[in-house]
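Asks: need coordinates for the below:
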Amino acid sequence: MHTVSGGEVAGILVAVFWAILVSFLAVALARLAQTLKATTKLVADVTEQAVPLLADASSAVRSAQTQIDRVDAIATDVQEVTSNASALSSTVASTFGGPLVKVAAFGYGVRRALAGRGEGAPAKAPRRTVIVGRTVPAARRKRK
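Replies: The predicted model follows:
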């Protein structure tokens, strides 16, 4: 019989540990390979779905830009119409406003004159008009 020496036992133990270590590494590499395959498949699927989504998003952005351009044109037209209406309003006010006020004041004065003198009664003392914010000159104050 052969006796096993301490060196042989140590060699056998080292060989067994190496075999166990290699087995663990082989299992870890196999799982890593599966994970890499799954990751590669996932990236391929995401790429397949992302390309049409990016195309749709691109067309949506183009459509939105077209709509923004249209709204900008409409806003410009509205601004032009508003400025034209403002100019027309000020033109009408300056053209008809002053003369209409004068005609109305003249008509009111004629009515008052005819109403007061139509009966043959003497003319009443003129009423004094108070204008808020105006100072009466000193010469007019003394006459009162």
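
Asks: need the longest helix for this protein.
Replies: Assignment by DSSP state H gives helix 6-92 as the longest helix of the chain.

Asks: what helices and strands are in contact with it?
Replies: The contact analysis (3 or more Cβ pairs under 8 Å, 6 or more residues apart in numbering; DSSP states H and E) places helix 6-92 against no helix or strand. In short, each C-beta sits where N, CA and C put it, glycine included.

Asks: just the mean pLDDT for it, thanks.
Replies: Helix 6-92 shows an average pLDDT of 93 in the prediction.

Asks: distance between that helix and the chain's centre?
Replies: Centre-to-centre, helix 6-92 and its host chain are 28 Å apart (Cα atoms, centre = their mean, to the nearest Å).

Asks: tell me the contacts of the residue nearest in space to the middle of the chain?
Replies: With the centre of the chain defined as its mean C-alpha position, the nearest residue by Cα atoms, centre = their mean is Ile68, 11.8 Å away. Listed by Cβ atoms under 8 Å, 6 or more residues apart in numbering, Ile68 has no contact partners.

Asks: numbering from 49 from now on, please.
Replies: From this message on, residue numbering opens at 49, which makes the last subject Ile116.

Asks: do you know how far it is from Thr130?
Replies: 21 Å (Cβ to Cβ, to the nearest Å).

Asks: repeat for Ile60
Replies: For Ile60 relative to Thr130 (Cβ to Cβ), the value is 99 Å.

Asks: one more: Thr51?
Replies: Thr51 is 113 Å from Thr130, by Cβ to Cβ.

Asks: could you list the alpha-carbon positions for stretch 132-139 in CSV?
Replies: Provided in CSV are the C-alpha atoms of stretch 132-139 (Å, rounded to 0.1, in the frame of the first residue of the first chain):
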residue,chain,number,x,y,z
ASN,A,132,-56.5,100.0,-38.8
ALA,A,133,-59.6,100.1,-36.6
SER,A,134,-57.9,102.4,-34.2
ALA,A,135,-56.8,104.7,-36.9
LEU,A,136,-60.4,104.7,-38.4
SER,A,137,-61.9,105.4,-34.9
SER,A,138,-59.6,108.4,-34.3
THR,A,139,-60.3,109.7,-37.8
